[in-house]
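Novice: what's the 3D shape of this:
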Amino acid sequence: MNSLAQKMMTVEQELAAEHGEFTLFALFLRDNSPGLWDVIVSAPWIDENREEGLSKVVAKVNACLQKDEVLMLSHIVIVEHDHPDLAELKNRFNFATSLTVIEAKNDNLLGQDIQQAFFIPLKQAA
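Specialist: Okay, the predicted model is just below:
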């Protein structure tokens, strides 16, 4: 799994360089999931045009991951960049500068019961 998380860091970095910063970029493994990961994304540029933003994320994921890695993903979830729970997540988990892995049994993040989460470090504005 760490290999997938590392590749998703590349996805985040390339998308941030091309389109703008993310508020959140993470992988969530939901409770009772058949081992498939949700890609959780939040960014102002995605909120401007959700359909176009989703297309850009999907295209970059497909470009950076091998087919067997893409098959490890369930779906992409877009969270509004000003969602009130995002501030709590940032305060609770330090994911701004390093890959943060949490075991979150019986934890609820953004309305989902989560087993495990990988928070991808966010590109910092220059």
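
Novice: and the longest helix for the chain?
Specialist: The longest helix of the chain (DSSP state H) is helix 2-19.

Novice: Next SSE downstream of that one?
Specialist: Once the chain leaves helix 2-19, the next helix or strand it forms, by DSSP states H and E, is strand 24-30.

Novice: now the helices for this structure?
Specialist: Under DSSP H, the chain gives helices at 2-19, 44-48, 50-64, 67-70, 84-92.

Novice: Could you dump these into a markdown table and include distance to Q112, mean pLDDT and mean neighbour count?
Specialist: All C-beta spots, glycine's among them, are computed from the backbone N, C-alpha and C. Shown next, in a markdown table, are the helices of the chain (distance: least, Cβ to Cβ, whole Å; pLDDT from 0 to 100; neighbours: other Cβ atoms under 10 Å):
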| stretch | distance to Q112 | mean pLDDT | mean neighbour count |
| --- | --- | --- | --- |
| helix 2-19 | 18 | 90 | 16 |
| helix 44-48 | 19 | 95 | 17 |
| helix 50-64 | 18 | 96 | 15 |
| helix 67-70 | 21 | 94 | 11 |
| helix 84-92 | 11 | 80 | 13 |
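
Novice: Could you export those as TSV, including distance to L122?
Specialist: TSV is the format used below for the helices of the chain (distance: least, Cβ to Cβ, whole Å):
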stretch	distance to L122
helix 2-19	7
helix 44-48	13
helix 50-64	15
helix 67-70	21
helix 84-92	9
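
Novice: got the contact list for stretch 23-35?
Specialist: Outside stretch 23-35, the residues that touch it by Cβ atoms under 8 Å, 6 or more residues apart in numbering are 4-5, 8, 11-12, 36-44, 72, 74, 77, 79, 81, 86, 89, 95, 105, 109-110, 112-120, 122.

Novice: which parts of that stretch are buried?
Specialist: T23, L24, F25, A26, L27, F28, L29, R30, S33 (16 or more other Cβ atoms under 10 Å).

Novice: roughly how far apart are E18 and E88?
Specialist: Separation of E18 from E88 (Cβ to Cβ, to the nearest Å): 29 Å.

Novice: Check K60 too.
Specialist: 27 Å.
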